[in-house]
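Undergrad: okay, sequence plus prediction incoming.
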Amino acid sequence: MRSPSMNRRTVLTGGAVGALAVVLPAGADGAPQAKPLPTDAEIYGVPTVDPLISQRADPWITKPVNGTYYFTGSVPEYDRLVIRGASTIEGLASAEESVIWRRPTSGRMGGHIWAPELHRIGGRWYIYFAAGDAGDVFRIRTYVMESALDDPRDPAGWTLKGQLVTEWDGFTLDATSFTHKGRQYLVWAQSEPEIAVNTSLYIAEMANPWTFKSKPTRIATPTKSWEIIGYRVNEGPAVLIRNGKVFITFSASATDANYCMGLLTASASADLLKRESWTKNPDPIFVSNEETERYGPGHNSFTVAEDGKTDVLVYHARDYKAITGDPLYDPNRHTRVQKVYWHEDGTPLFGIPVGSGGPIVRLSPADAKRSFVKHEGDAIRAVQAPRELELTQFRFVKAADGAETIQSVDQPAKFVAVDGTRVALGATGTPVTRIAVKDGVTIRVAPGRFLKVLKNGELTVADKATVFTLS
């Protein structure tokens, strides 16, 4: 746990970034499209409101349940459990928040209340959360609450099932639950006696949502340089099962700008209770970014977009790097969302915290759909199946006169600029016009002149256009 936005509706109605210029093309522009192409917002598929929810850390958004997304997270006061719901992810931003439980004024659970997660298991709602004691706010243990009501926002439904009793009576937090092949699992962070770290990650099978069926298995402990800055921490696990793999993201280091995310991977057919089933990525997969001014990204969860298939990363991050005092008590860890992409080998691509701006697209030559336009420094070329997601992400930014420029997502002060036939990133973007054609769009940079991808992948300008698909 330690740790001016764009409205998607505005984008969809063509009032801002992302409206395609559809004309009747001729010659190099290609044949006209029978119907308008999707907007950039529809292509991206995830809200670009950033932050989605202010001053809510450790964010958890469920997948839709009976048409409703539910959100919970840590509040800066660390004194209560809150839930809000909406029919869309973006709707959570303005949804009314219900307080379903407050900590007692004394005794057990009267200390810090951290990192709630909301799960629907067996037709009932469960909240896992960490709580300290009134006399020792850092005596953190994990507790479970249950509600039989359909709406988890109703405080009347919630009852305390008790403490989640683990193998050792030690610092315990950040429990998450998931089902795989008919078995219910719990993954959590805990300090283990005789291991000189703050927290490691453990997994166990559950008999029911508050009782263990198996002994715990430690699957990750902080040893790498990026996991031990300030504190030696592996915490905040979140599970994503795709493409024959079980992925667990987790957070590491102190809750300041050093906070970051790592990744564990196991085969979906492996015994998840065996330590050797899990492999840790050698490097972090999501870190602070100076260019987009997002710091300490982590303690994430996953949901899906309204289309039911686009994976969405939910995380918190600050807008500034310098913190006065203990970062744990800085209130401005905000909830943010962005799209999860998938490499052709089936592994997730997270890129960078994308910062403020409109919807994001990637450009692929229509005749080479495994390739994406990528900048390498300021040079731009099309590259097959790149893993550096952030170098392939762009925004079409509309000016007051209706012209568009193409902005780099990871270098937001730079734009695609044309100088003769040279195409590169520069401080001032060349105005472009997108023209809808049969298999995508062409990008016109001047009358009769278009972006073209050469056989070696280099971008140039020519009278014959490359058709790009936006994805």
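TA: Yes, it's here. These numbers come from a predicted model, not from an experiment.
Undergrad: make it CA atoms for all contacts and neighbour counts henceforth
TA: OK.
Undergrad: are there helices or strands packed against the lengthiest strand in the chain, and which ones?
TA: Looking across the chain with DSSP state E, the single longest strand is strand 136-147. On a contact count with 3 or more Cα pairs under 8 Å, 6 or more residues apart in numbering; DSSP states H and E, strand 136-147 meets strand 124-133, strand 158-163, strand 172-180.
Undergrad: where does the protein dip in pLDDT?
TA: 1-35 (pLDDT under 70).
Undergrad: got the domain ranges for it?
TA: Following automatic domain parsing, one finds the domains of the chain at 17-41+358-470, 49-349.
Undergrad: and stretch 394-404, how far apart are its ends?
TA: Distance between the boundary residues of stretch 394-404 (Cα to Cα, to the nearest Å) amounts to 12 Å.
Undergrad: in it, what counts as buried?
TA: Residues Phe394, Arg395, Phe396, Val397, Lys398, Glu404 are the ones in stretch 394-404 that count as buried (16 or more other Cα atoms under 10 Å).
Undergrad: can you give me the strands in the stretch 151-300 of the chain?
TA: 158-163, 172-180, 183-190, 200-208, 211-212, 217-220, 234-242, 245-252, 260-267, 279-280, 295-304 (DSSP state E, counting those that start in this stretch).
Undergrad: who are the packing partners of the fifth one?
TA: So the one you mean is strand 211-212. strand 200-208.
Undergrad: among the helices and strands packed on strand 136-147, which comes closest to Glu194?
TA: strand 172-180 (15.4 Å; Cα to Cα).
Undergrad: from the chain's centre, how far out does that closest one sit?
TA: A distance of 18 Å separates the centroid of the chain from that of strand 172-180, by Cα atoms, centre = their mean, to the nearest Å.
Undergrad: partner strands of it, with direction?
TA: strand 183-190 (antiparallel) (DSSP bridges).
Undergrad: which residues touch the strand it pairs with?
TA: Strand 183-190 has contacts (Cα atoms under 8 Å, 6 or more residues apart in numbering) with 170-179, 198-208, 234-237.
Undergrad: select only the buried ones of these in PyMOL?
TA: Buried residues among those (16+ other Cα under 10 Å), as a PyMOL selection:
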select buried, resi 170+171+172+173+174+175+176+177+178+198+199+200+201+202+203+204+205+206+234+235+236+237
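Undergrad: just checking: what are the partner strands of the longest strand of the chain?
TA: So strand 136-147, judged by DSSP bridges, has these partners: strand 124-133 (antiparallel), strand 158-163 (antiparallel).
Undergrad: and those strands: which comes nearest Lys309?
TA: strand 124-133 (23.2 Å).
Undergrad: what comes up buried for that closest one?
TA: Trp125, Tyr126, Ile127, Tyr128, Phe129, Ala130, Ala131, Gly132, Asp133.
Undergrad: need the residues you listed in a markdown table (columns: distance to Ser225).
TA: Shown next, in a markdown table, are the buried residues of strand 124-133 (distance: Cα to Cα, whole Å):
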| residue | distance to Ser225 |
| --- | --- |
| Trp125 | 38 |
| Tyr126 | 36 |
| Ile127 | 33 |
| Tyr128 | 30 |
| Phe129 | 29 |
| Ala130 | 27 |
| Ala131 | 29 |
| Gly132 | 29 |
| Asp133 | 32 |
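Undergrad: for Ala148, state which of those is nearest.
TA: Of all those, Ala148 sits closest to Trp125, with 6.4 Å by Cα to Cα.
Undergrad: the closest one and Ala148 touch, don't they?
TA: Yes: in this structure Trp125 lies within contact range of Ala148 using Cα atoms under 8 Å: 6.4 Å.
Undergrad: list the contacts for Pro152?
TA: Ile83, Trp125.
Undergrad: go again using 10 Å as the cut-off
TA: Residues counted as contacts of Pro152 (Cα atoms under 10 Å, 6 or more residues apart in numbering) are 70, 82-85, 98, 100, 118-120, 124-127, 146, 158.
Undergrad: returning to what we had before: mean neighbour count, the strands of the stretch 151-300 of the chain: which tops it?
TA: Counting by mean count of other Cα atoms under 10 Å, strand 295-304 has the highest mean neighbour count of the strands of the stretch 151-300 of the chain, with a mean of 27.
Undergrad: quick one: that strand to strand 245-252, angle?
TA: For strand 295-304 against strand 245-252, the angle by axes from the mean of the first three to the mean of the last three Cα atoms, to 10 degrees is 150 degrees.
Undergrad: please name the strands paired to the very next helix or strand once past strand 295-304 in the sheet, noting orientation.
TA: Past strand 295-304, heading to the C-terminal end, the next element that is a helix or strand (DSSP states H and E) is strand 311-318. If you go by DSSP bridges, strand 311-318 pairs up with strand 295-304 (antiparallel), strand 334-339 (antiparallel).
Undergrad: just the CA coordinates for strand 311-318, please, in PDB.
TA: Provided in PDB are the C-alpha atoms of strand 311-318 (Å, rounded to 0.1, in the frame of the first residue of the first chain):
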ATOM      1  CA  ASP A 311      -7.600  -4.600 -20.100                       C
ATOM      2  CA  VAL A 312      -7.300  -1.500 -17.900                       C
ATOM      3  CA  LEU A 313      -4.500  -0.700 -15.500                       C
ATOM      4  CA  VAL A 314      -5.700   1.100 -12.300                       C
ATOM      5  CA  TYR A 315      -2.900   2.600 -10.200                       C
ATOM      6  CA  HIS A 316      -2.000   5.600  -8.100                       C
ATOM      7  CA  ALA A 317       0.700   8.200  -8.700                       C
ATOM      8  CA  ARG A 318       1.600  11.700  -7.600                       C
END
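Undergrad: I'd like the distance between Pro47 and Val340.
TA: For Pro47, the distance to Val340 - Cα to Cα - is 13 Å.
Undergrad: if we can go back for a sec, which one of the strands paired with strand 136-147 lies nearest to Pro104?
TA: strand 124-133 (9.3 Å).
Undergrad: and the closest one, how far out from the chain's middle?
TA: Distance, centroid of strand 124-133 to centroid of chain: 23 Å (Cα atoms, centre = their mean).
Undergrad: likewise stretch 75-83?
TA: For stretch 75-83 - counting by Cα atoms, centre = their mean - the centre lies 22 Å from the chain centre.
Undergrad: which parts of that stretch are buried?
TA: In stretch 75-83, counting by 16+ other Cα under 10 Å, buried: Val75, Pro76, Tyr78, Asp79, Arg80, Leu81, Val82, Ile83.
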